[in-house]
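J.: How does the following fold in three dimensions:
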Amino acid sequence: MKKLAQQVAAKGADTRPAKENEISAAEQALRMHFSEEYKTYLSEFGLIASGATEVNGLGVPATSHLNILSAIEPLRDGKDYPPQAVPLCDIGDGYYYLYDNQQCKILTWSMINGVVEISDEILEAFLLRTIFDVK
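T.: Numbering: from 1, shown residues only. Modelled structure (predicted):
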């Protein structure tokens, strides 16, 4: 995630790197195993906020709207929420970008319709495009 780290530094984005024990505790609380790619994101960045774009993660209190532990709870009541997915960001109108830790895929998911799209982008490419409009 070198290119992402460069953009975060260049743009002065806010991050909150998560500690290993926070990541393990989140896996236990959510009853899922995070992929190595997602663990790297959490340990290097925790979450990313730049301008109006906020990407969920760890490194902030569990009550924060950006913490995956609080962000995931209302979503799990939506249609066919993928069991190994964590919320990345709210797109609006009940749509969210999720990261599926089992498939290592970015999902576009709707509270009403379930999964509407599966992307082949890796997490870093998705974050670069979504946060910084870099392809």
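J.: Can you list the buried residues in the helix or strand Val8 falls within?
T.: With elements taken from DSSP states H and E, the one containing Val8 is helix 2-11. Within helix 2-11, the residues that count as buried by 16 or more other Cβ atoms under 10 Å are 4, 7-8. No exception for glycine: its C-beta is placed from N, CA and C like everyone else's.
J.: In a markdown table, list the residues you listed along with distance to Leu98 and pLDDT.
T.: Rendered in a markdown table, the data for those read as follows (distance: Cβ to Cβ, whole Å; pLDDT from 0 to 100):
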| residue | distance to Leu98 | pLDDT |
| --- | --- | --- |
| Leu4 | 18 | 98 |
| Gln7 | 22 | 98 |
| Val8 | 21 | 98 |
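J.: Which of the residues you listed lies at the shortest distance from Leu88?
T.: Comparing those against Leu88 with Cβ to Cβ places Leu4 closest, at 13.3 Å.
J.: Quick check: that closest one touching Glu124?
T.: Yes. Under the criterion of Cβ atoms under 8 Å, Leu4 makes contact with Glu124 at 5.1 Å.
J.: Could you export the helix holding Val8 as PDB, CA atoms only?
T.: Only the C-alpha atoms of helix 2-11 are listed here, as PDB (Å, rounded to 0.1, in the frame of the first residue of the first chain):
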ATOM      1  CA  LYS A   2       2.900   2.300  -0.800                       C
ATOM      2  CA  LYS A   3       1.000   4.400  -3.400                       C
ATOM      3  CA  LEU A   4      -1.800   4.900  -0.900                       C
ATOM      4  CA  ALA A   5       0.600   6.000   1.800                       C
ATOM      5  CA  GLN A   6       2.200   8.500  -0.600                       C
ATOM      6  CA  GLN A   7      -1.200  10.000  -1.400                       C
ATOM      7  CA  VAL A   8      -2.200  10.100   2.300                       C
ATOM      8  CA  ALA A   9       1.000  12.000   3.100                       C
ATOM      9  CA  ALA A  10       0.800  14.300   0.100                       C
ATOM     10  CA  LYS A  11      -2.900  15.200   0.700                       C
END
